[in-house]
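Novice: Show me how the following folds:
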Amino acid sequence: MPIQHLNDLPEDLVLAADIVIVGGGACGLTLARSLSGCGLKVVIVESGGQGEDADHAALDTVEMAEGCWQPAEFDLRDRYHRTLTTFWDGAAQPYGVRCRGMGGSTQAWAGKSAPFDAIDFAPRDWVPLSGWPLKAESLSPYIARASDLLNLGPPLYDAALWTYMGRRPPESGLTSGAFRSTFWQFARSRRTPTDIMRFGADFLAAPPPDVHVVAGATVTGLLSGGNGRVFTGLQAQSLTGRRLAVTAVTGVLAASAIENARLLLLSTDANPAGLGNDHDRVGRCLMDHPTATIARAYPDQVADMAARFGLFGFRKNRRTSVHMHGLALSEPYQREHRALNGAIFVTEERASDDPFSALRRLLRNRSESTLEDLATVAKSPVRLARGLAARMIERGHVPAPLGRLTVDLALRLFPNTVAQDYQVGKLPVKLSGLRFEATTEQPPLPDNRVTLSDNCDALGLRRARVSWTPGHAARANLLRIGVQLGTSLDAAGLKQPMPEGWVTEANPDAAVTIDLGHSMGTTRMAGNPAEGVVDSQCAVHGVAGLYATGGSVLPTSGHANPTLMMLALTLRLGDTLRQRHGRHLTEHKIHDDLQNTD
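Specialist: Okay, here's the model as predicted:
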């Protein structure tokens, strides 16, 4: 069978492979599928099982350096991320959002996707270590392939999308100064029309027959020869102690920005500093997207602002796509003001009398006022009916073609409502207000880093220790965005929302700022080994046969959610590995496999 659990395999098994991939998340599964069919023996080693469970989730525990969070920030990120996944715990993961099991963190993500901007690739003298060792244009075909993989709509992420959708732009001059229109798309599942893309479920629905997946196998060390200059394989272990060794010509780390760095640092047989760490770059330059609320809509603004910055459904060529409109700092503004990249998006706030919140309290016996919650539920029969219908479609009680037709029609007619359902677990909530959230690029700062703790996990491996703060430049950029929002709305003749106190007081250190779980940069790409861990082909400097992919290789962070760029680089790596192994695969292979799951 192509998917087996380590505990079901013989003790001390040794597998031989051409390519071994560490991690069964979006990038690991995409790379494996891209290599399928070209005669290579590919093995994926995944720490978790087919889904999440508490024991494997405990392996994601990290330690955080003292003083990284204000108490309000720690509390906010706990509330912000906790609803995304069953087993995530802010105390166990005081930085990052990781999930073990097939699909990795796509078990928890919101599906929000966008490519990086041209300026993100460019050297900028006001952004340390900026400039990618490859041209942005070289990634264009891979971004297109990654977009298809994510089941995205038209590759338009700026104001041109309004024309394409046949809509009149609603910003009324708002983008004439510091800002430009920007869009995100949501990756929709091909299998479950009411859900976003889940890579594990898609892979398990049609696993490539020539890719061998070993689940429940946590990598405990990377093996090398030639004084650490040649990758030779890896060792793994299950939580019950069953051991596995994989020998391979090529190894690829696709286990997250935290885990990729941790595995290199743990592999000290040839170098006490860790494999590929000759220049002390492994784990450094950890980046995220620092995010803070900059303003809140007044009650009489909610409808207008939702119309300007809401979600839009669009159908063409038998495909319905979902787009979120926001504002991003324009390139001319960034260059003139030596600013970081950044963007604004709107978050809808749940009303206190939301019927599904009341129903959930009643069902879990957590209601503080049973009569009040019962009254709230009784007052919203239509909203409850819509939520129950979504559940019926998701769980297969409605024939798939009818369910897809229903969801596509709803996305066209009621895009804001249905897209909001995606983000709150398919249950249509009642809303009371809008928050304006600013998110910013973060410079690659060497002191933001992953190191090893002196404490160990259940397998006896040293845990990851994270030191990460937004930093002055990122906080200043959030303030800049907050001030510019008010200025731009005023110039456009629109009522300003209520700014947060820290914006009014021009005190960015007082902003309640969190990470978005977009961990990047710990094995960053650089042409010079003294400035990064991998080269322009994602090969680890100084270790033949070892590569890394995913967010860890991104040299800069931009403002966009990074998954689309991570997958584009992964597809490019797939082409590189086929060439280096002397194998060929038609570029339509992945697309054809995915269509077979429809």
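Novice: Give me the below-cutoff pLDDT ranges for the stretch 1-150 of the chain.
Specialist: Residue ranges of the stretch 1-150 of the chain with pLDDT under 70: 1.
Novice: 80 instead?
Specialist: 1-2 (pLDDT under 80).
Novice: And the strands in it?
Specialist: 3-5, 13-22, 42-45, 62-64, 112-113 (DSSP state E, counting those that start in this stretch).
Novice: for those strands, which one ends up most surrounded?
Specialist: strand 42-45 (a mean of 26; mean count of other C-beta atoms under 10 Å). Placement of C-beta: from N, CA and C, glycine included.
Novice: Which strands and helices lie in contact with it?
Specialist: strand 13-22, helix 26-35, strand 211-215, strand 243-253 (3 or more C-beta pairs under 8 Å, 6 or more residues apart in numbering; DSSP states H and E).
Novice: Give the other helices and strands that the very next helix or strand once past the shortest one contacts.
Specialist: The one in question is strand 211-215. Per DSSP states H and E, the first helix or strand lying C-terminal to strand 211-215 is strand 218-225. If contacts are counted by 3+ C-beta pairs under 8 Å, 6+ apart, strand 218-225 sits against strand 230-237, strand 243-253, helix 257-266.
Novice: ranking the ones you listed by burial, who's on top?
Specialist: Taking mean count of other C-beta under 10 Å, helix 257-266 is the most buried of these, at a mean of 27.
Novice: before we move on, back to that, quick one, which of the helices and strands packed on strand 42-45 is nearest to Ala178?
Specialist: Checking these against Ala178 by C-beta to C-beta gives helix 26-35 as the closest, at 33.3 Å.
Novice: Check the offset of the closest one from the chain's centre.
Specialist: 16 Å (C-alpha atoms, centre = their mean, to the nearest Å).
Novice: buried residues in that helix?
Specialist: By neighbour count on 16 or more other C-beta atoms under 10 Å, the buried set for helix 26-35 is Ala26, Cys27, Gly28, Leu29, Thr30, Leu31, Ala32, Arg33, Ser34, Leu35.
Novice: One more: stretch 150-160?
Specialist: Buried, per 16+ other C-beta under 10 Å, within stretch 150-160: Leu150, Asn151, Leu152, Gly153, Pro154, Leu156, Tyr157.
Novice: Same list (those residues) but as JSON lines, adding distance to Glu441.
Specialist: Below are those laid out as JSON lines (distance: C-beta to C-beta, whole Å):
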{"residue": "Leu150", "distance to Glu441": "22"}
{"residue": "Asn151", "distance to Glu441": "27"}
{"residue": "Leu152", "distance to Glu441": "22"}
{"residue": "Gly153", "distance to Glu441": "25"}
{"residue": "Pro154", "distance to Glu441": "25"}
{"residue": "Leu156", "distance to Glu441": "22"}
{"residue": "Tyr157", "distance to Glu441": "16"}
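Novice: now, which of these sits nearest Gln579?
Specialist: Closest to Gln579, out of all of these and judged by C-beta to C-beta, is Leu150, at 24.6 Å.
Novice: Please name the nearest non-neighbouring residue to that closest one.
Specialist: Of all residues not flanking Leu150 in the chain, Ala187 sits nearest, at 3.9 Å (C-beta to C-beta, 6 or more residues apart in numbering).
Novice: The one you found is in contact with Asp195, isn't it?
Specialist: No. Ala187 is not in contact with Asp195 according to C-beta atoms under 8 Å; the separation is 10.1 Å.
Novice: So which of these two has more stuff around it?
Specialist: Ala187 (27 against 18; other C-beta atoms under 10 Å).
Novice: so how far is Trp69 from the more buried one?
Specialist: Note on Ala187: its distance to Trp69, by C-beta to C-beta, to the nearest Å, is 30 Å.
Novice: returning to what we had before: who wins for proximity to His518 among the helices and strands packed on strand 42-45?
Specialist: Per C-beta to C-beta, nearest to His518 of the helices and strands packed on strand 42-45: helix 26-35, 13.1 Å.
Novice: Need the contact partners of the closest one.
Specialist: Applying C-beta atoms under 8 Å, 6 or more residues apart in numbering, the external contacts of helix 26-35 come out as 19, 21-22, 42, 44, 46, 102-106, 149, 199-200, 203, 208, 211, 213, 252, 254-255, 549-550, 563, 566-567, 570-571, 573-575, 577-578, 585, 589-590, 593.
Novice: The closest residue to Asp60 other than its chain neighbours: neighbour count?
Specialist: Excluding the flanking residues, the one nearest Asp60 by C-beta to C-beta, 6+ apart is Arg98, at 4.4 Å. Neighbour count of Arg98, defined by other C-beta under 10 Å: 27.
Novice: In the chain, where is pLDDT below threshold?
Specialist: 1-2, 170-176, 192-194, 307, 310, 313-320, 348-432, 583-598.
Novice: just checking, Ala205 touches Ser189?
Specialist: No. Applying C-beta under 8 Å as the test, Ala205 and Ser189 come out as separate, 10.2 Å apart.
Novice: higher neighbour count, those two?
Specialist: When neighbours are counted by other C-beta under 10 Å, Ala205 and Ser189 differ, and Ser189 comes out ahead with 19 against 14.
Novice: Torsion angles phi and psi at the more buried one?
Specialist: phi -60, psi 140 (degrees, to the nearest 10).
Novice: For it, list the residues it contacts.
Specialist: Asn151, Asp195, Ile196, Met197, Arg198, Ala201, Asp202.
Novice: Distance check, the residue lying closest to the second one once chain neighbours are set aside against Arg335.
Specialist: Using C-beta to C-beta, 6+ apart and skipping residues adjacent in sequence, the residue nearest Asp195 is Ser189, 4.5 Å away. In this structure, Ser189 and Arg335 are 39 Å apart, going by C-beta to C-beta.
Novice: What of Val483?
Specialist: In terms of C-beta to C-beta, Val483 sits 18 Å off from Arg335.
Novice: Between the two, point out the one with more neighbours.
Specialist: Using other C-beta under 10 Å, the more surrounded residue of Val483 and Arg335 is Val483, with 16 against 13.
Novice: Which residue, neighbours along the chain excluded, lies closest to the more buried one?
Specialist: Nearest non-adjacent residue to Val483 (C-beta to C-beta, 6+ apart): Val503, at 6.5 Å.
Novice: do the same with Thr240
Specialist: Asn7 is the one closest to Thr240 (C-beta to C-beta, 6+ apart), at 5.8 Å.
Novice: Surely the one you found and Gly216 touch.
Specialist: Yes. The pair Asn7 / Gly216 is scored as a contact, 5.9 Å apart, by C-beta under 8 Å.
Novice: and the two? which has more neighbours close in?
Specialist: Gly216 (28 against 14).
Novice: ok, now which ones touch that one?
Specialist: By C-beta under 8 Å, 6+ apart, the neighbours of Gly216 are His5, Leu6, Asn7, Glu46, Ser47, Gly48, Gly49, His56, Ser238, Leu239.
Novice: could I get those residues as TSV with distance to Ser181?
Specialist: As requested, those are arranged in TSV below (distance: C-beta to C-beta, whole Å):
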residue	distance to Ser181
His5	48
Leu6	49
Asn7	52
Glu46	40
Ser47	41
Gly48	39
Gly49	42
His56	41
Ser238	50
Leu239	49
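Novice: Sort out which of the residues you listed are buried, if you could.
Specialist: His5, Leu6, Glu46, Ser47, Gly48, Gly49, His56, Ser238, Leu239.
Novice: Identify, from those residues, the entry nearest to Glu531.
Specialist: Nearest member of the buried ones among the contacts of Gly216 to Glu531, counting by C-beta to C-beta, is Ser47, at 30.1 Å.
Novice: Grab the nearest non-local neighbour of the closest one.
Specialist: Thr218 (4.2 Å).
Novice: And for Ala568?
Specialist: Ala568 sits nearest to Tyr142 (C-beta to C-beta, 6+ apart), 4.0 Å away.
Novice: Fine by me, thanks again.
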